[in-house]
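Student: Test case, fold it:
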Amino acid sequence: MTGEDVYHKLITLFDERGATYRVIEHEPEGVTEAVSRLRGHDPGQAAKCIIVMVKIGKKTTRFVAAVIPGDRRVDFGKLKALLGGTYASFASREVAEELAGTAIGTIPPFSFDDRLAVIFDPELLPHPEVFFNAGRLDRTIALSTSDYLAIAEPRVESIAQP
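Tutor: Model (predicted):
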């Protein structure tokens, strides 16, 4: 799957589900703070998606799409505790891109791979919309937060730190 495939898969999914969303075209950008300025919203409203590896003992590894506000960092300790893990860190670029089906900087807060769980930080809940790059650096999707929750069905847990 390519970034373009992920983008079209999401648009098709949103249309099929009757989601309230809009596509914002802008200069190619993958850094949350910079792209938030281009899109015209606070970075705290960006649904930044980071692929995290959590080791559970010596033999089991789980992967999480950690969805946090764009102005926060992922709290590895919280993720490790939530999953009963012994170690948590960023997944390698290769693994993250394989699981997400798209490049770092364009990973949407959704999973189309059974090996990738989605955990959504509740700090994003007060916003009427969440903003994210979806498989492309030059397109942002602004999606109704309630539609996001209904479609993605993430686990909602506090996983961000300042």
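
Student: Touching whichever helix in the chain runs longest from outside, list them.
Tutor: In the chain, taking DSSP state H as the definition, the longest helix is helix 3-17. Residues from elsewhere that reach helix 3-17 (Cβ atoms under 8 Å, 6 or more residues apart in numbering): 1, 19, 21, 23, 100-103, 106, 108, 110, 112, 134-136, 139, 141, 143, 147, 150-151. Heads up, the C-betas are built off the backbone N, CA and C, glycines and all.

Student: In helices, which of the residues you listed fall?
Tutor: Those of those lying in helices (DSSP H): 100, 147, 150-151.

Student: quick revisit: flag every buried residue along the longest helix of the chain.
Tutor: Residues of helix 3-17 classed as buried: 3, 6-7, 9-11, 14 (neighbour count, 16 or more other Cβ atoms under 10 Å).

Student: Could I get the full set of strands for this protein?
Tutor: Secondary structure of the chain (DSSP state E): strands at 21-25, 47-56, 60-69, 73-74, 87-90, 116-120, 129-133, 139-144, 155-156, 160-161.
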